[in-house]
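Colleague: here are the coordinates; sequence isn't available:
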């Protein structure tokens, strides 16, 4: 139980285009989802926190107009990288956390997706 | 400021030897600390959390508030323990801040 999926697992796009990454909680309702970015040989850096039905909150230094986050349902959050540039190439990872109530799985623990490798050419 | 420090980028140990991964933190509130592990080509997964005080796969970690540390230990390393280990601190909103990570390599 408590599985989080991401789609696509990797994507290559041209500079100036937009890319959407999906994060889904498969067997629990995720009231909160987090988006991280990981550069090669570096740690995960939190980009934003997404709560179902409300606007995402972004960490300092993260451009909210560039990284659009939508958490429209309790099982899906999307990250759209708008007008992507080569410096946006990175590994993007989401995690999901349940409400702690009424979930067979989830609770307050964060469950991580497998990540999406974005390459902007 | 909130910070998690893992001083060792790489830890190489022999099978059967003890292994200790260091983690120090700074946080103004009451900390909630975790160890996450990432095996090769797999997703990040929770290994331990300090509030549960459990032993998983032979690993233990004790929160030492006086030394602001949460070191991860295992008395006898196994080859399958080779992985990337991240120490993480959760704030009151549940946001995780990760350390830089320690790559553990267990050689036979």
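Modeller: Sure, I can see it. Since the structure is predicted, the reported quantities are computational estimates derived from the model, not experimental observations. Numbering: from 1, shown residues only, chains lettered A, B, ... in the order given.
Colleague: rest of the way, CA atoms for contacts and neighbours
Modeller: OK.
Colleague: Pull the contacting residues for residue 64.
Modeller: Picked chain A for this. Applying C-alpha atoms under 8 Å, 6 or more residues apart in numbering or on different chains to residue A:64 gives the contacts residue A:58.
Colleague: I was after chain B.
Modeller: residue B:70 are the contacts of residue B:64 under C-alpha under 8 Å, 6+ apart.
Colleague: Residues in a beta bridge with it, which ones?
Modeller: Under DSSP bridges, the beta-bridge partners of residue B:64 are residue B:69.
Colleague: Next, work out how far apart it and chain A are.
Modeller: 22 Å (C-alpha to the nearest C-alpha, to the nearest Å).
Colleague: Tell me the pLDDT of that residue.
Modeller: Note on residue B:64: pLDDT of 92.
Colleague: how about the strands in chain A?
Modeller: Remark: strands assigned in chain A by DSSP state E are A:4-7, A:10-13, A:19-25, A:30-38, A:44-51, A:57-58, A:67-73, A:76-81, A:90-98, A:110-112, A:116-120.
Colleague: Tell me which of these approaches residue B:101 most closely.
Modeller: strand A:44-51 (9.2 Å; C-alpha to C-alpha).
Colleague: any chance of the strands of chain A in a markdown table, plus mean neighbour count and distance to chain B?
Modeller: Below are the strands of chain A laid out as a markdown table (neighbours: other C-alpha atoms under 10 Å in any protein chain shown; distance: least, C-alpha to the nearest C-alpha, whole Å):
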| stretch | mean neighbour count | distance to chain B |
| --- | --- | --- |
| strand A:4-7 | 22 | 10 |
| strand A:10-13 | 14 | 14 |
| strand A:19-25 | 22 | 14 |
| strand A:30-38 | 24 | 8 |
| strand A:44-51 | 22 | 6 |
| strand A:57-58 | 16 | 11 |
| strand A:67-73 | 19 | 16 |
| strand A:76-81 | 22 | 17 |
| strand A:90-98 | 25 | 9 |
| strand A:110-112 | 25 | 6 |
| strand A:116-120 | 20 | 11 |
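Colleague: of all the residues in chain B, which ones are close to chain A?
Modeller: B:42-46, B:95-101 (C-alpha under 8 Å from any C-alpha of the partner chain).
Colleague: Mind giving me the ChimeraX select for the residues you listed, buried ones only?
Modeller: One line in ChimeraX is enough to select the buried ones among those; burial here means 16 or more other C-alpha atoms under 10 Å in any protein chain shown:
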select /B:43,44,45,46,95,96,97,98,99,100,101
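Colleague: related to what we said a few turns ago, could you dump the strands of chain A into TSV with mean pLDDT and distance to residue B:91 added?
Modeller: As requested, the strands of chain A are exported to TSV (pLDDT from 0 to 100; distance: least, C-alpha to C-alpha, whole Å):
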stretch	mean pLDDT	distance to residue B:91
strand A:4-7	96	22
strand A:10-13	96	31
strand A:19-25	96	23
strand A:30-38	92	14
strand A:44-51	93	12
strand A:57-58	94	15
strand A:67-73	91	22
strand A:76-81	96	22
strand A:90-98	92	14
strand A:110-112	90	13
strand A:116-120	97	26
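Colleague: could you dump these to TSV with distance to residue B:76?
Modeller: Output for the strands of chain A, formatted as TSV (distance: least, C-alpha to C-alpha, whole Å):
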stretch	distance to residue B:76
strand A:4-7	32
strand A:10-13	37
strand A:19-25	36
strand A:30-38	31
strand A:44-51	28
strand A:57-58	42
strand A:67-73	44
strand A:76-81	41
strand A:90-98	31
strand A:110-112	28
strand A:116-120	35
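Colleague: Just give the nearest non-adjacent residue to residue 49, would you?
Modeller: Assuming you mean chain A. In this structure, residue A:49 finds its nearest non-sequential neighbour in residue A:34, 4.6 Å apart by C-alpha to C-alpha, 6 or more residues apart in numbering or on different chains.
Colleague: could you do chain B instead?
Modeller: Closest residue to residue B:49 apart from its sequence neighbours, by C-alpha to C-alpha, 6+ apart: residue B:34 at 4.3 Å.
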